[in-house]
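Visitor: Please work out how this folds:
(2 chains)
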Amino acid sequence: MKIGVYICHCGTNIAATVDVNEVTKFAKNLSGVAISRDYVYMCSDPGQELIKKDILNAKLDRVVVASCSPRMHEVTFRGACEEVGLNGYCMEMANIREQCSWVHSDKEKATEKAKELVASAVAKASLLQPLEPMRVGVTPSALIIGGGIAGIQCALDIADAGFQVYLVEREPSVGGHMAQLDKTFPTLDCSACILTPKMADVARHKNIELVTYADVENVEGYIGNLKVVVRKKVRYVDEEKCTGCGYCAKVCPVTISNEFDMGLGTRKAAYIPFPQAVPLAYTLERAKCMGCALCEVVCEVGAINFEDDDEEIELEVGAIVVATGYDLFDPSLEPNYGYEYDRVITGLEFERLCNASGPTKGGIEINGKEPKDVVFISCVGSREKDVEGGKGNECCSRVCCMYIAKQAHLVKEQIPDANVTVFYTDVQAFGKGFEEFYWRVKEEGVNYIRRELKDEIKVEKKENGRLKVKTVREGRPIEKEADLVVLATGIVPRRDVSDLVRKLKITQSGDKFFLEAHPKLRPMDTLTDGIFITGCCQSPKDIPDSVAQASAAASRVCSILSQDYIEVEPIIAEVKEELCIGCGSCKEVCPFGAIELKEEERQFEEIVLRTRKSYVTPALCKGCGACIPECPVSAMTQKHFTSAQIEAMLRGVGVTA
Amino acid sequence: MLKVLKGRVKRFEGLKEEIIDRNLCSYCGACVSFCEHLELGPNAPMLKEECPLDKEGVLKCSENGTCYDICPMTETDIEGLEETFLDPEGMRDEHFGIYKKSIAGKTSIEGQDGGVVTSMLVAGVEKELFDCVIVAERVEGYNAVPKIAEDVDTIKKAKGTKYVQCPMVSKIGEAVKRGKRRIAIVGTACEIRAVRKIQSVLLKEVPQIGITTVGLFCFESFYCDKFVNETKELLGIDLSSASKIQIAKGECEVTVKGRHYKTKITNLEEIVRDSCRYCDDFTARLADISVGSVGSAEGYCTVIVRSERGEQLLDLIEFARGEVNKEEISKIVRYKKVKIEDRI
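Guide: Numbering: from 1, shown residues only, chains lettered A, B, ... in the order given. As a prediction, the model looks like this:
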């Protein structure tokens, strides 16, 4: 065994705290070590060259690099080894930066620790086995879950690249929250005007199959080879036949509060949520209908079918993008905001109120009257770390400051003599053109009053029906009367987010939004290969950020779909069949569904024995190791982290059994 | 929270309170006709499952609840319905209502009187003026059940007056769901009123459905079981074996196996349906065409044509003409009105 050890200075990142020379000398004397060197930046080209030359010239068969976390450069050094013919899995890293130099200040002790870490890595290296990445084929199609702006953009990008896309939307129409908005900040473009062409594109695109009014039921498989079951909820209207003429809605006797208009408007039991709905197909909400069947009578194309039923569709895709969006914080959870009063509305309700296609045709009015005193309250359900009784997010929702500014502007535009007050705590005007827009709104006469988040703000109703908003400014109580209060409710994770977490085997961060694989470098990846997240399901963001992230996710998907095959990490669990007793405890703990129990027949002289054995699906196993200690008979081993290797590492750091 | 709120909708509960619980239900079946959440009990409709109006977000079903809005016993804008459905140029008479003409007729079919109703229905189906007719068929134990008749035999089987309530209107929805678009219905004033209310509440924007209404003169009807018991007691007969029942000139005459049994109509006062005690519409004034025995000679029936559609139907048949005695009809109408006023 010839082991080469390479100690990195990482500039001064390591060298300032660890005596690199001493560690290099120490390594030279370790068992099996043929060469030990140090270099200022091992990851640089000359650094890698150093390793490569030694492998070739000194015929090294194992390499240890002591530098940063393997998360940073494991792939780099594996690549260097592979280039000169050494299997990449014969390289081991010792993390002497994150786990040593960065967290210690005593140079002597840090050096001792670095030595132990190196010794440990060398001990393991001598037991490393070459491994080959597995190759799996790729189904060149993608599933996008959620047809809001993020899902739409992502679908269009992937479809434009020539791949088949299935866009699954739970509502009867795509469009999401963006379809509900009036103007968008800070440019004041009409939201629907910029969105609806994209909605139409999605419906028309030859590579996109739109599956609306549908839920993802089940997901199985692994990157490149995902099998998805989608349940298309029964519409009672044949989407293909429906021409969207609306005759069914006209004769329908049942009037229902329209969710799309936030309950400010109405629809019928036979409905489209909004006039520009895509697909332009009606839905019959059978649960609230009286079954008169008049819709069926008047439908000229025979699209209505009372015998219709849910439909299950099976899809095969290579990658999935989750773009399920958000819910708005429910302000009734914090009664101080007075949401029970009819003059207190949420930001999204305001959007419907001032939207030209909304229930008041764009008139900002409460019970038919224009409000003269309008108060906006920011951070409702956001930034609630220190808010007593807070039921919202700790994080900032990133859109409220700007939508308040925009809505305040719209009030001033429509009702120039209105008094508009904003109770705010910091105006987070961070985006392009945001700060400028904020100043413009202030110059239009909108009165911004700062309050601290920890100071309670209370909305009360006066006897004359008007409202009173009470809070504290600079330590002194302040009151404002209002006939309309708009609550800038924040963005919270979807109520049923955990359902998708379970089905897709992805993870959530502490705030319950979906967790990205890396907050900076892999913000649209999940820890499950082939599954990506985009838009507000990952964290609150505005439209341009959602669109950008959607295109980014699309590009990640395309880079998978354009491959003939994908290499999958071979560091996975393996069953020693002769030891396995088929108890299934490994299967129970596997978070990725990678283990199955297979029935087997064994001929034993004249007797046929039926046994069960665990089987690991290589592409599904993420190598987390959960199954290893679970096995009562030690039949499970983890490649690249075998018990023998780990025991050797422990001995390397001086732990003895 | 600014929301469109549910107004004060009467819904089925209101119907129950105002009509059913006060015994005012005419058992026409209109309410169950289009609503799958209601069903007919032995004496009145009832809710069989949750009313959509009780579900989240449902604000209105028609205006006050379709069941309430189309009930012939809730407040009704009679003049408005006359304007909508009857001949705008028709003659107006306090007792006849609006009419184009009135004649007495006798056809070759043997019906209750002149066989005009049966003849018209047969002709209407044969000449494809409508696809089906809702008729009342007599069943075991002297009861009547509504039937959707599509052929001549079924129509002919339903001839003759029954004098008991039968939920005719319940079949309109069923006929529509069975694909029928041109429907004829025979019924008394309350039933025709229900049909007109259905047309104005539900079918205003549904020209695909055409309904021809043939009204029957009706002074009152009886609770079926009580009618059977009472005739047994008074006349000693089994009503289910009666071949004909005729109420005319203050007497009820039952024919059993060719023998005639008579009793004064005043003896039957106790078994009259409560809802009939509040009805002042003897001639079914909202029907396209109304038919009855009063006002014409024996063997003839009086026919009042009120609309274009009614006239079209009458034109399909051949009949012998007789004289109409309008005063005789007016007398009964007046008598019915007085009877109600007495009660109120």
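Visitor: Can you list the low-confidence ranges for the chain?
Guide: Just so you know, I chose chain A. Applying pLDDT under 70 to the predicted model, the residue ranges of chain A that meet it are A:656-657.
Visitor: wrong one, chain B
Guide: Scanning chain B with the threshold set as pLDDT under 70 gives B:114, B:141, B:343-344.
Visitor: I'd like the domain boundaries of it, if you could list them.
Guide: Per automatic domain parsing, the structural domains of chain B span B:77-161+B:168-219+B:272-343, B:224-265.
Visitor: Using JSON lines, lay out those together with mean neighbour count.
Guide: (C-beta placed from N, C-alpha, C; glycine too.) Supplementary listing: those in JSON lines, determined by neighbours: other CB atoms under 10 Å in any protein chain shown:
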{"stretch": "domain B:77-161+B:168-219+B:272-343", "mean neighbour count": "20"}
{"stretch": "domain B:224-265", "mean neighbour count": "15"}
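Visitor: Tell me where the stretch 401-550 of chain A has helices.
Guide: Here the stretch 401-550 of chain A has its helices, by DSSP state H, counting those that start in this stretch, at A:434-443, A:497-504, A:543-561.
Visitor: and if you look at the stretch 201-344 of chain B?
Guide: Taking DSSP H, counting those that start in this stretch as the criterion, the stretch 201-344 of chain B carries its helices at B:224-235, B:308-314, B:326-343.
Visitor: Let me know the secondary structure of residue B:102.
Guide: The three-state assignment at residue B:102 reads strand, by DSSP: H, G, I helix; E, B strand; the rest coil.
Visitor: so who does it touch?
Guide: For residue B:102, the set of contacting residues under the criterion of CB atoms under 8 Å, 6 or more residues apart in numbering or on different chains consists of B:96, B:295, B:302-305, B:324, B:326.
Visitor: Now the residue of chain A found nearest chain B: which helix or strand?
Guide: Going by CB to the nearest CB, chain B is nearest to residue A:291 of chain A, at 3.5 Å. Taking DSSP states H and E as the criterion, residue A:291 maps to no regular element, lying outside all helices and strands.
Visitor: doesn't residue B:36 make contact with it?
Guide: Yes - look at residue A:291 against residue B:36 with CB atoms under 8 Å: they come within range, at 3.5 Å.
Visitor: how close does residue A:545 sit to residue A:399?
Guide: 9 Å (CB to CB, to the nearest Å).
Visitor: which one of those two has more residues nearby?
Guide: More neighbours surround residue A:399 than the other of residue A:545 and residue A:399, with 24 against 18 (other CB atoms under 10 Å in any protein chain shown).
Visitor: so what's the more buried one up against?
Guide: Residue A:399 sits in contact with A:491, A:540-542, where contact means CB under 8 Å, 6+ apart.
Visitor: mind running it again at 10 Å?
Guide: A:185, A:326, A:347, A:382, A:406, A:428, A:431, A:488, A:490-491, A:536, A:540-543, A:545 (CB atoms under 10 Å, 6 or more residues apart in numbering or on different chains).
Visitor: rewinding a little: mind listing the shared neighbours of residue A:291 and residue B:36?
Guide: Where contact means CB under 10 Å, 6+ apart, the residues bridging residue A:291 and residue B:36 through contact with each are B:52, B:173, B:177.
Visitor: is it true that the last one touches residue A:304?
Guide: No - under the criterion of CB atoms under 10 Å, residue B:177 is not in contact with residue A:304, lying 11.8 Å apart.
Visitor: picking that back up, now for residue A:545 and residue A:399: what residues contact both?
Guide: Common neighbours of residue A:545 and residue A:399, counting by CB under 10 Å, 6+ apart, are A:431, A:536.
Visitor: Put the alpha carbons of stretch A:378-387 into CSV.
Guide: Extracted in CSV, the C-alpha atoms of stretch A:378-387 (Å, rounded to 0.1, in the frame of the first residue of the first chain):
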residue,chain,number,x,y,z
SER,A,378,-46.9,46.0,7.7
CYS,A,379,-45.4,42.7,8.9
VAL,A,380,-48.6,40.9,9.7
GLY,A,381,-47.5,37.4,10.2
SER,A,382,-43.9,38.1,9.3
ARG,A,383,-40.8,38.9,11.4
GLU,A,384,-42.6,37.7,14.5
LYS,A,385,-39.6,36.4,16.5
ASP,A,386,-40.2,38.8,19.4
VAL,A,387,-43.9,39.3,18.9
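Visitor: Pretty sure residue B:192 sits against residue B:307.
Guide: No - taking contact to mean CB under 10 Å, the distance of 11.7 Å between residue B:192 and residue B:307 leaves them out of contact.
Visitor: what do residue B:177 and residue A:304 both touch?
Guide: Common contact partners of residue B:177 and residue A:304 (CB under 10 Å, 6+ apart): A:293, A:296-297.
Visitor: which residues sit against stretch B:105-115?
Guide: Taking contacts as CB under 10 Å, 6+ apart, the residues outside stretch B:105-115 that touch it are B:104, B:116-123, B:155-156, B:159-162, B:216, B:244-246, B:248, B:291-294, B:296-303, B:314, B:317-322, B:324.
Visitor: swap the cut-off to 8 Å and go again
Guide: For stretch B:105-115, contacts defined as CB under 8 Å, 6+ apart pick out B:104, B:116-119, B:122, B:156, B:159-161, B:244, B:246, B:292-293, B:296, B:298-301, B:303, B:317-322.
Visitor: for residue A:419, what are its contacts?
Guide: Residues near residue A:419 by CB under 8 Å, 6+ apart: A:372-374, A:447.
Visitor: Which of those residues fall in strands?
Guide: Taking DSSP state E, the ones among the contacts of residue A:419 that sit in strands are A:373-374, A:447.
Visitor: Filter those residues down to the buried ones, ChimeraX style.
Guide: Selection of the buried residues among these in ChimeraX, burial being defined by 16 or more other CB atoms under 10 Å in any protein chain shown:
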select /A:373,374
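Visitor: How is chain A partitioned into domains?
Guide: When chain A is parsed into structural domains using automatic domain parsing, the resulting residue ranges are A:3-125, A:133-232+A:311-326+A:496-564, A:234-309, A:329-492, A:573-639.
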